[in-house]
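Asks: A predicted structure for the sequence below; I have some questions about it.
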Amino acid sequence: MKKLKVLFFLLVLFSASLAFSANDSADTKCWIVFSDKNGIKEGDKIAYNSPAYLSGKELLTDRAIKRRLKVFTEETLIEFGDLPLTQSYVQNISSLGIDIIAKSRWLNGVSAYLTPFQIEKLKKLDYVSRIFAVKKLYKQRFANTSPVFLKSYYESVMSDSANVYDYGNSYNQMMLVNVPNVHNLGITGKGVLVASFDDGFEWRTHESLSRLNVLDEYDFINNDKNTAREEGQKYPDASSQGGHGTATLSTLGGFKEGKLIGPAFNSDFILAKTEYTPTETPMEEDFWLEAAEWAEAYGADVITSSLVYKAFDKPYVTNSYTYNDFDGNTSITTIAGDKAAHYGIVVCNATGNYNQTDPPSLGSASDGDSIIGVGAVDKKGMITSFSSNGPTSDGRIKPDVVAPGQTVYIAKMGEGNKYDYANGTSFATPITAGVCALILSAHPELTAMQVREALRNTANNSSTPNNVYGYGLINAYKAILYFGEVWGNEASIIATDSKVTIKIGFASNDFTTESPVILNYRTPQSKKFKSVNMKLVKQFENGNYSGVYEYSKENTGNAKFNKDEFEYYFSVVINGKELKSTQR
């Protein structure tokens, strides 16, 4: 009888345990924030060259340090967010049977799906500072908005279509933002590192992407260094996985003459797979955060993301966002994007394809105050019906700018080097990021906020920004000149047995009076530089002498021209001031 009572008691206890487990599922994603980092608390000054300072600096590449030094001094280079996590805290969380999703130096914590019981237990730990989750989505309602009148975008652009490159079916999307003239100058994104966050990238197998200079890639979903589809993953790739990323990457950096050319095809790239196609879950925000920390430490100059976070799938609806959360300080991706911008990265993010609505339909991370939120226009420069609107819930104008996002020509994932047309702010964003890379390629000294300033203040609605177009349709050519004159990244030198031809691009808003662009050169046989006037062979604008300049010389004698032994620089005098290119 006693044994039966004990057995009955155990059955009741087991049944209660099952009932508790069924009702106490780990459906809420939380961040577990630690109290300190190896004894150092947030707000503590990190002394220059201290052990803590050096531990943070060790995690940065030389490229990242160089970028940061545009906005920081050596003494202030390292902050609390740069320091590594206290590993014993991380290990202790794991030992409690909690499956950690992501780790963040910037947030000083780890994320996980937690039950209410686990949350209460963690709150009692002395090294846990706080635990937070996010809220539920407010359902959108559709409302029509009349487009504002915009002046012709082509007013100051000559109708000459004889460009250096044949853009094929991508010509309209590039011409609309005045990229061809920047390419004609010889500025194609060289020297800039762009990080792209998306659902994966089949870049090796498409003709427009296979030549990309990809320095690194990482799959943050499955923790490996392959962003393409593969078998045997913890989170299996769907057949569509990577299609979106392949398309967005091609609009930024694709290059196949006669078919598709993106703005910044000569930039360097790092690729992050952060979006899991079969579902929308809060884990993906954490992958975005991890990718941002990785890209920043790697030395990225530009981040482009066409991922927007608003509503998540069941059972994670409690982690979805309302409009009130789009205040620039709440969502994980927004916090991460603003932090990256704080460290000197230009961050571009799609505002979303949620239509023009009331309340506004923008999503994260475009609501960040230092993030360039991008909307979409059609081929006439008019806002598309799907492009999300602002303002942010704290009243700031969004989007920041707009770019082509309708009938955009893209590379299509799959066999046979196929192409297609696509719609979405997803494609306006990488075009904008590519233009940002062009600005930095022309002016590598600029900070992220200066790039945003150039982009916004040269867009075609900059005098009356609003929450439909923001500051307007971007203009790559005007943007690169906002902070001064520009020489092409490289001169074109073509040598044959009979002739040597040298070309260089030069542009300045002040070049309104004709003045010769001069080639200054010397060979191993000459000690002094010789100077010769160059000829303007392609003029970009009426009333301005910016354009492509050329000098040709017939070969004489038996000496063969060797451009590797040829030293040269270019110069021009504008308003009494001599401007020189870098000596090469």
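Replies: Arrived safely.

Asks: Tell me which helix or strand comes right after the helix or strand harbouring V90.
Replies: Per DSSP states H and E: V90 is located in helix 87-95. With elements assigned by DSSP H and E, the helix or strand that comes after helix 87-95 is strand 102-104.

Asks: just checking, what packs against that following strand?
Replies: Counting contacts by 3 or more C-beta pairs under 8 Å, 6 or more residues apart in numbering; DSSP states H and E, strand 102-104 packs against strand 109-114, helix 283-298. The C-beta positions use only the backbone N, C-alpha and C, and glycine is treated the same way.

Asks: Hmm, T334 and A365 touching each other?
Replies: Yes. Between A365 and T334 there is a contact at 4.4 Å, judged by C-beta atoms under 8 Å.

Asks: Please identify which of the two sits among more neighbours.
Replies: Set A365 next to T334 and count neighbours by other C-beta atoms under 10 Å: A365 wins out with 33 against 29.

Asks: Got the domain ranges for the chain?
Replies: What the record gives for the chain is the domain set 27-132, 169-481, 486-580, from automatic domain parsing.

Asks: re the thing from before, please convert the helices and strands packed on strand 102-104 to JSON lines, extending it with mean neighbour count.
Replies: Shown next, in JSON lines, are the helices and strands packed on strand 102-104 (neighbours: other C-beta atoms under 10 Å):
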{"stretch": "strand 109-114", "mean neighbour count": "23"}
{"stretch": "helix 283-298", "mean neighbour count": "25"}
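
Asks: and G337, how many neighbours does it have?
Replies: The number of residues packed around G337, counting by other C-beta under 10 Å, is 31.

Asks: Does it belong to a helix, a strand or coil?
Replies: Under DSSP: H, G, I helix; E, B strand; the rest coil, G337 falls in the helix class.

Asks: Residue numbering should commence at 484 henceforth.
Replies: From this message on, residue numbering opens at 484, which makes the last subject G820.

Asks: and it, what is it in contact with?
Replies: Going by C-beta atoms under 8 Å, 6 or more residues apart in numbering, G820 touches 775, 786, 788, 830, 832, 848, 851, 853-854.

Asks: of all the residues you listed, which two lie farthest apart?
Replies: Spatially, the most separated pair among these is S788 and S853, at 14.0 Å (C-beta to C-beta).

Asks: Show me the common contact partners of the two, please.
Replies: 820, 830.

Asks: between those two, who's got more neighbours?
Replies: Legend: neighbour count by other C-beta under 10 Å for S788 and S853, higher for S788 (30 against 18).

Asks: Give me the distance between the more buried one and K708.
Replies: To K708, S788 is 20 Å away according to C-beta to C-beta, to the nearest Å.

Asks: show me where pLDDT drops low in the stretch 534-683 of the chain?
Replies: Scanning the stretch 534-683 of the chain for pLDDT under 70 picks out 617-644.

Asks: Let me know how buried P663 is, in neighbour terms.
Replies: Applying other C-beta under 10 Å, I find that P663 has 24 neighbouring residues.

Asks: hmm, back to that, give me the subset of the contacts of G820 lying in helices.
Replies: The members of the contacts of G820 that map onto helices under DSSP state H are A775.

Asks: Pick out the lowest-pLDDT one from the contacts of G820.
Replies: Going through those one by one, the lowest pLDDT turns up at A848, 88.

Asks: Now do the contacts for it.
Replies: Counting by C-beta under 8 Å, 6+ apart, A848 touches 771, 788, 792, 814, 816-817, 819-820, 830, 832, 854.

Asks: So which of those residues sit within strands?
Replies: Cross-referencing the contacts of A848 against strands under DSSP state E gives 788, 830, 832.

Asks: could the helices and strands packed on strand 585-587 be laid out in a markdown table, adding distance to I957?
Replies: Listed next are the helices and strands packed on strand 585-587 as a markdown table, based on distance: least, C-beta to C-beta, whole Å:
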| stretch | distance to I957 |
| --- | --- |
| strand 592-597 | 35 |
| helix 766-781 | 22 |
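
Asks: so which of these gets nearest Y1051?
Replies: With C-beta to C-beta as the yardstick, what comes closest out of the helices and strands packed on strand 585-587 is helix 766-781 (33.9 Å).

Asks: report the angle between the axes of the closest one and strand 829-833?
Replies: If you take axes from the mean of the first three to the mean of the last three C-alpha atoms, to 10 degrees, helix 766-781 sits at 160 degrees to strand 829-833.

Asks: starting at the chain centroid, how far to helix 766-781?
Replies: Mean-position distance between helix 766-781 and its chain equals 12 Å (C-alpha atoms, centre = their mean, to the nearest Å).

Asks: before we move on, what about stretch 906-924?
Replies: Averaging C-alpha positions (C-alpha atoms, centre = their mean) puts stretch 906-924 8 Å from its chain's average.

Asks: Check G1030 and give its pLDDT.
Replies: G1030 carries a pLDDT value of 95.

Asks: Next, the buried residues of stretch 888-907.
Replies: Within stretch 888-907, the residues scored as buried using 16 or more other C-beta atoms under 10 Å are 888-889, 891-896, 902, 905-907.

Asks: on that earlier part again, let's have the ones in strands among the contacts of A848 in TSV, adding distance to K1036.
Replies: TSV is the format used below for those (distance: C-beta to C-beta, whole Å):
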residue	distance to K1036
S788	48
V830	47
N832	49
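
Asks: ok, K673 to D784 distance?
Replies: According to C-beta to C-beta, K673 stands 12 Å off from D784.

Asks: who's more crowded, these two?
Replies: Taking other C-beta under 10 Å, K673 and D784 do not tie; D784 has more neighbours (28 against 20).

Asks: Please name the residues that touch the more buried one.
Replies: 550, 675-677, 828-829, 920, 923.

Asks: same deal with E936?
Replies: Taking C-beta under 8 Å, 6+ apart as the criterion, E936 is in contact with Y965.

Asks: Setting the sequence-adjacent residues aside, check what's closest to R550.
Replies: Among residues not flanking R550 along the chain, G827 sits closest, at 4.7 Å (C-beta to C-beta, 6 or more residues apart in numbering).

Asks: Just give me the neighbour total for the one you found.
Replies: Per other C-beta under 10 Å, the neighbour tally for G827 reads 22.
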